[in-house]
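Novice: Sequence and predicted structure, then a few things I'm wondering about:
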Amino acid sequence: MIGAIAGDIIGSRYEGRPIKTKRFPLFDAHCRFTDDTVLTVAVADAILSGSAYRQSLWRIGRQHPDAGYGGAFQRWLQSTDPQPYNSWGNGSAMRVSPVAAAFTSENEVLRQARMSAEISHNHPEGIRGAQATALAAFLARTGSDKQAIRRRIQDRFDYDLGRTVAEIRPDYAFDISCQGTVPEAIIAFLDSDTYEDAIRNAISLGGDSDTLACITGGIAEAYYGGVGAVIEREVRRRLTPDLLDIVERFRATFV
């Protein structure tokens, strides 16, 4: 989960200011957590507490009202009885990484990913994006190599993972859909050789940078076994105490 949060924080600097290079400072004064982090932590809270995903996302999301939610999700948070709104946006994929860390079978990971998505993102593409992200991270965590991950995600979800970051980068533009974000984020991981390299790949695509890097980061952390001490320290000092408490309890339980 730290890997996803780190990707969000690093990528936040470039959301709306896309770059097409891997050469950039990882952290500066403008880096902060966004809705990607808040909702990732909320998914973790639901798993820890045994509460419904809807309940945890609604409660924790409302505790951080200025995190940068999209308009439709902001209305979901403001409702007293939030309902799914058929979204195919990448919000379902950005928040799903705790599912890959907490559950021990592929079937359960897929089931929980669907459940975490469909409280808001119940469009088939929203569910597909969450499941593909969770399964990729689960396979990475449980020892699959990159070629096996590529084949498994392509075969199950019909994503084109045969491209490279260098091929995608020149023409890639801001895209908030799962179908236009999740395959590219997975490729950013597949083309990497370290956690940091994966994050640089994702942000260098120039799209929805914090969400791309959040999705990539959750998979990369699972594969490479962590994010490194320097990145973790920078992440921890940017989280509020309530979010950090959930992160620490989740890691103590599942990592």
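Specialist: Yes, it's here.
Novice: count of neighbours near Ser120?
Specialist: 27 (other C-beta atoms under 10 Å). Where you see a C-beta, it was placed from the backbone N, CA and C, and this is true even at glycine.
Novice: That one: what secondary structure?
Specialist: Put simply, Ser120 is coil when judged by DSSP: H, G, I helix; E, B strand; the rest coil.
Novice: Adjust the sequence numbering to begin at 9 for everything that follows.
Specialist: In the new numbering, first residue 9, that becomes Ser128.
Novice: For it, which residues are in contact?
Specialist: 65, 81, 84, 90, 92-93, 95, 99-100, 134 (C-beta atoms under 8 Å, 6 or more residues apart in numbering).
Novice: Can I get the buried part of those as one ChimeraX selection?
Specialist: Selection of the buried residues among these in ChimeraX, burial being defined by 16 or more other C-beta atoms under 10 Å:
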select :65,81,84,90,93,95,99,100,134
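Novice: Nearest to Leu251 among the contacts of Ser128?
Specialist: Closest to Leu251 out of those is Leu65 (13.4 Å), distances taken as C-beta to C-beta.
Novice: measure the closest one to Pro92 for me?
Specialist: Leu65 sits 12 Å away from Pro92, going by C-beta to C-beta, to the nearest Å.
Novice: Please apply the same query to Arg21.
Specialist: According to C-beta to C-beta, Arg21 stands 32 Å off from Pro92.
Novice: Take the contacts of Ser128 and write them to a markdown table, including pLDDT and secondary structure.
Specialist: Output for these, formatted as a markdown table (pLDDT from 0 to 100; DSSP: H, G, I helix; E, B strand; the rest coil):
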| residue | pLDDT | secondary structure |
| --- | --- | --- |
| Leu65 | 98 | helix |
| Phe81 | 96 | helix |
| Trp84 | 97 | helix |
| Pro90 | 96 | coil |
| Pro92 | 97 | coil |
| Tyr93 | 97 | coil |
| Ser95 | 96 | coil |
| Gly99 | 96 | helix |
| Ser100 | 98 | helix |
| Gly134 | 98 | helix |
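Novice: Show me which of the contacts of Ser128 is closest to Arg259.
Specialist: Nearest to Arg259 among those: Leu65, at 19.9 Å, using C-beta to C-beta.
Novice: Is the residue of the chain positioned farthest from its centre part of a helix or strand, or is it coil?
Specialist: Most distant residue from the mean C-alpha position of the chain: Thr88, 26.2 Å away (C-alpha atoms, centre = their mean). Per three-state DSSP, the secondary structure class of Thr88 is coil.
Novice: I'd like the next helix or strand past the helix or strand containing Ile17.
Specialist: Here Ile17, judged by DSSP states H and E, is contained in helix 10-20. Where DSSP H and E defines the elements, the next helix or strand beyond helix 10-20 is helix 43-57.
Novice: Could you quantify the relative orientation of that next one and helix 10-20 as an angle?
Specialist: 160 degrees (axes from the mean of the first three to the mean of the last three C-alpha atoms, to 10 degrees).
Novice: give me the number of residues near Ser113?
Specialist: The number of residues near Ser113, taken as other C-beta under 10 Å, comes to 10.
Novice: List the residues that contact Ala108.
Specialist: Counting by C-beta under 8 Å, 6+ apart, Ala108 touches 117, 141-146, 148-149, 226, 230.
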